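Novice: coords please:
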Amino acid sequence: MRRPPPGPGHRRRPRARRPPPRLDFHLVGGTGQDRAPREHRAHGANVHFHDHRPPSRPDPYHRAFDIALAPYQPPAGDATGAASPVTLFAYMAHGKAIVASDLPALREVLADGVDCLLRPPDDVAAWADAVGRLAADPAARAALGAAAHRHVMEHHTWRVRADRVLAGVGRPS
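Specialist: Below is the predicted model:
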């Protein structure tokens, strides 16, 4: 699981429940100072923290995840739920089953039940249920991951984006 770094105007996430002991959770990102309070509250040996990795460095965690979580929170006072889907594109490119926050900006990229499971950002029980369902159903994980991979390759690669821009200015791609 990768969590977006907190930024100005972002609300605090709800306190997470104790993770199920049969699953390992890997939180990637943030500085040691950012992570210290979370590490202090982490319960059990199945919660692992990893340093931030710049986008220019290949991320071995994406390949290792069975389920990728994108628990974006809407910025405080922002009814649009603006969020950058860059991390989602990486999860999709790796063909991972994704559980993501149900925010308008993410619904522009993802479709609930088609290439991901979308859950309300503050509903910890809904997230736990989604993770539990996917953990128990390898076929569902594979299907969501394959659909996510197809979608990102057909609609969100740099080549596809460049072709759209060039078509928009009347130049052949």
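
Novice: can I assume Leu118 sits in a strand?
Specialist: Yes: when classified by DSSP: H, G, I helix; E, B strand; the rest coil, Leu118 is found to be part of a strand.

Novice: Flag the shaky bits of the chain, pLDDT-wise.
Specialist: Counting by pLDDT under 70, the chain shows low-confidence ranges at 1-21, 43, 55, 58, 76-84, 171-173.

Novice: Show me the residue sitting in the middle of it in space.
Specialist: In the chain, the residue lying closest to the centroid (C-alpha atoms, centre = their mean) is Ala70, at 2.5 Å.

Novice: partners of it in the sheet?
Specialist: According to DSSP bridges, the partner residues bridging Ala70 are Ala100.

Novice: any idea how far it lies from Ala140?
Specialist: Distance check for Ala70 against Ala140: by C-beta to C-beta, to the nearest Å, it reads 17 Å. Glycine gets a C-beta too; all of them are placed from N, C-alpha and C.

Novice: related to what we said a few turns ago, go ahead and confirm the residue nearest to the centre of the chain touches Ile98.
Specialist: Yes: Ala70 sits in contact with Ile98 when judged by C-beta atoms under 8 Å, with a separation of 6.2 Å.

Novice: Identify the contacts common to the two.
Specialist: Between them, Ala70 and Ile98 share these contacting residues under C-beta atoms under 8 Å, 6 or more residues apart in numbering: 88, 91.

Novice: list the contacts for the closest residue to Val109 other than its chain neighbours?
Specialist: The shortest distance from Val109 to any non-neighbouring residue, by C-beta to C-beta, 6 or more residues apart in numbering, is to Pro85 (4.8 Å). The contact partners of Pro85, taken as C-beta under 8 Å, 6+ apart, are 105-106, 108-110.

Novice: What's the ChimeraX line that selects buried ones from these?
Specialist: Applying 16 or more other C-beta atoms under 10 Å to these leaves a buried subset, and the ChimeraX line that selects it is:
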select :105,106,109,110
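
Novice: of the contacts of Pro85, closest to Ala36?
Specialist: The shortest approach to Ala36 among the contacts of Pro85 belongs to Leu106, at 28.5 Å (C-beta to C-beta).

Novice: Look at Asp129 and give its secondary structure.
Specialist: When the structure is split into helix, strand and coil by three-state DSSP, Asp129 lands in helix.

Novice: Distance-wise, check it relative to Leu106.
Specialist: 19 Å.
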